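In: All I have is the shape, not the residue letters:
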């Protein structure tokens, strides 16, 4: 692959979050500080939103890695659950029993809150992708906080999701929950300078001997196309390095970035990047030219075969190509011969 060509020890822009290579932009540092404050404060409910691919999962991983032992953590990454499945998961993560009896679970949960208060411990519930939580489960989560006795303040509940989560919370049935959210934060995407720092950070952690693999113009193009979204930056950079390797280019320029983005577009499917491809030029044009040359080459080969002496009454082209194609190929070969 391209790693050896560019002097890398591993792929620098893998999509799977790597806890050992966490880049903390200014907004990510602020978000992590707010999440930590949310554990210690008595606000109970915290709301964090971010666009798809902006680093929510990475931020949560950094938070979990920094949590002290006196915090009982329950994080739900896939909240598409039924009511019974939800309580069963919650019980398993907190060391409680669940036999299908909600009343007994609430008694045990209330007892756990009292024990944590007596020991100076805390409970943290994190619901990632919370924009898909149904209204009835959101209400069940709110009611859990009612089990805290006056002055305990040991329970923190974090809702983390895409901006659509705000629309979900605007449901009139969730007014009591909405009024209890004491901390709100939106994770912004990278600025141009943060995009540059992020790319260099990733290259450095992949063992790059030279950090100037991407020109300044290329980084500006990456930021413009990705709009500063980390996941899209990874996709663009990874594909650009692959394209640069295939074209034997030691440095990635802005033109190669745009070509790589156009090559990522799949006709008939949603574009994975927030750009509109230009089918009449660039990568699509190059592809059309290559296909055209391939067809002409095949046609020339077939005509050559057709001109060879045969002991049969039919042409090989008559078997392989439609009559209209045959006529067009013969016109083209007559033109080139002339």
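Out: That came in fine, so what should we check first? Keep in mind the model is a prediction, meaning the values are calculated, not measured. Numbering: from 1, shown residues only.

In: didn't residue 126 look like it was pressed against residue 141?
Out: No. Under the criterion of CB atoms under 8 Å, residue 126 is not in contact with residue 141, lying 11.2 Å apart. Where you see a C-beta, it was placed from the backbone N, CA and C, and this is true even at glycine.

In: Does residue 243 touch residue 261 like I think?
Out: No. With contact defined as CB under 8 Å, residue 243 does not count as touching residue 261 (10.2 Å).

In: pLDDT score for the residue positioned nearest the centre of the chain?
Out: Geometric centre of the chain, nearest residue: residue 53, 3.8 Å, by CA atoms, centre = their mean. Listed pLDDT for residue 53 reads 90.

In: Could you list the low-pLDDT ranges of the protein?
Out: Along the chain, the model assigns pLDDT under 70 to residues 19, 151, 265-338.

In: the domain parsing of it - what is it?
Out: 2-14+191-277, 26-187, 286-337 (automatic domain parsing).

In: And those: which comes nearest residue 20?
Out: With CB to CB as the criterion, residue 20 lies closest to domain 2-14+191-277 of the domains of the chain, at 7.6 Å.

In: give me every residue that touches the closest residue to residue 17 other than its chain neighbours.
Out: Excluding the flanking residues, the one nearest residue 17 by CB to CB, 6 or more residues apart in numbering is residue 58, at 5.0 Å. By CB atoms under 8 Å, 6 or more residues apart in numbering, the contact list for residue 58 reads 17, 22, 28, 230.

In: Residue 58: which element?
Out: helix 56-66 (DSSP states H and E).

In: hmm, back to that, would you check which pair of the contacts of residue 58 lies furthest apart?
Out: Every pair of these checked by CB to CB; the farthest is 17 and 28, at 12.6 Å.

In: Between those two, which is the more surrounded one?
Out: More crowded of residue 17 and residue 28, by other CB atoms under 10 Å: residue 28, with 23 against 16.

In: Please verify my assumption that the more buried one contacts residue 187.
Out: Yes. The pair residue 28 / residue 187 is scored as a contact, 7.0 Å apart, by CB under 8 Å.

In: quick one: common contacting residues for the two?
Out: 55, 59.

In: mind listing what the residue nearest to residue 120 when sequence neighbours are not counted touches?
Out: Nearest in space to residue 120, with sequence neighbours left out and distances taken as CB to CB, 6+ apart, is residue 70 at 6.6 Å. Residue 70 makes contacts with 119, 120, 121, 122, as judged by CB under 8 Å, 6+ apart.

In: ok, now residue 117?
Out: Contacts of residue 117 by CB under 8 Å, 6+ apart are 149, 152, 154.

In: what ranges do the strands span in the stretch 151-300 of the chain?
Out: Secondary structure of the stretch 151-300 of the chain (DSSP state E, counting those that start in this stretch): strands located at 155-161, 181-187.

In: now swap in the stretch 1-150 of the chain and tell me
Out: According to DSSP E, counting those that start in this stretch, the stretch 1-150 of the chain carries its strands in the segments 45-50, 71-76, 122-127.

In: quick one: buried residues of the last one?
Out: When you say that, I think you mean strand 122-127. Residues 122, 123, 124, 125, 126, 127 are the ones in strand 122-127 that count as buried (16 or more other CB atoms under 10 Å).

In: how much space between the nearest residue to residue 100 once chain neighbours are set aside and residue 77?
Out: Distance criterion CB to CB, 6+ apart; nearest residue to residue 100, sequence neighbours excluded, is residue 84 at 6.5 Å. Relative to residue 77, residue 84 is positioned 19 Å away (CB to CB, to the nearest Å).

In: Likewise for residue 1?
Out: Separation of residue 1 from residue 77 (CB to CB) stands at 30 Å.

In: can you give me the helices for the stretch 1-150 of the chain?
Out: Assigned by DSSP state H, counting those that start in this stretch, the helices in the stretch 1-150 of the chain fall at 2-5, 26-40, 56-66, 83-94, 102-119, 135-145.
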